[in-house]
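Enquirer: Make a model of this:
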Amino acid sequence: MRKFDRYILSQLMVMFGFFALVLVSVYWVNNPVKVFDRLISDGHSAAVVLEFT
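Expert: Sure thing, here's the model as predicted:
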């Protein structure tokens, strides 16, 4: 039974790590998108937007 418990725990940790990575990635992508949206909505040129990339 101990091996089964370790297997279940390891699977849960892998899934937790995967979804934590996905959430962090979404957060990291969301912030630059907000910045680019603000630059575009303020009427800045494409050159200014390309400076940030």
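Enquirer: CA atoms only for the worst-scoring helix or strand of the chain on mean pLDDT - export them in PDB, please.
Expert: The weakest-scoring helix or strand in the chain, judged by mean pLDDT, DSSP states H and E, is helix 46-51 (a mean of 77). Only the C-alpha atoms of helix 46-51 are listed here, as PDB (Å, rounded to 0.1, in the frame of the first residue of the first chain):
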ATOM      1  CA  ALA A  46       4.000  50.600 -35.000                       C
ATOM      2  CA  ALA A  47       7.600  51.600 -34.400                       C
ATOM      3  CA  VAL A  48       6.900  52.300 -30.700                       C
ATOM      4  CA  VAL A  49       5.200  49.000 -30.300                       C
ATOM      5  CA  LEU A  50       8.100  47.200 -32.000                       C
ATOM      6  CA  GLU A  51      10.500  48.800 -29.700                       C
END
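Enquirer: A47 versus the most centrally placed residue in the chain, what's the distance?
Expert: Centroid check for the chain by Cα atoms, centre = their mean gives S25 as the closest residue, at 1.1 Å. Distance, S25 to A47, by Cβ to Cβ, to the nearest Å: 28 Å. For glycine as for every other residue, the C-beta is placed from the backbone atoms N, C-alpha and C.
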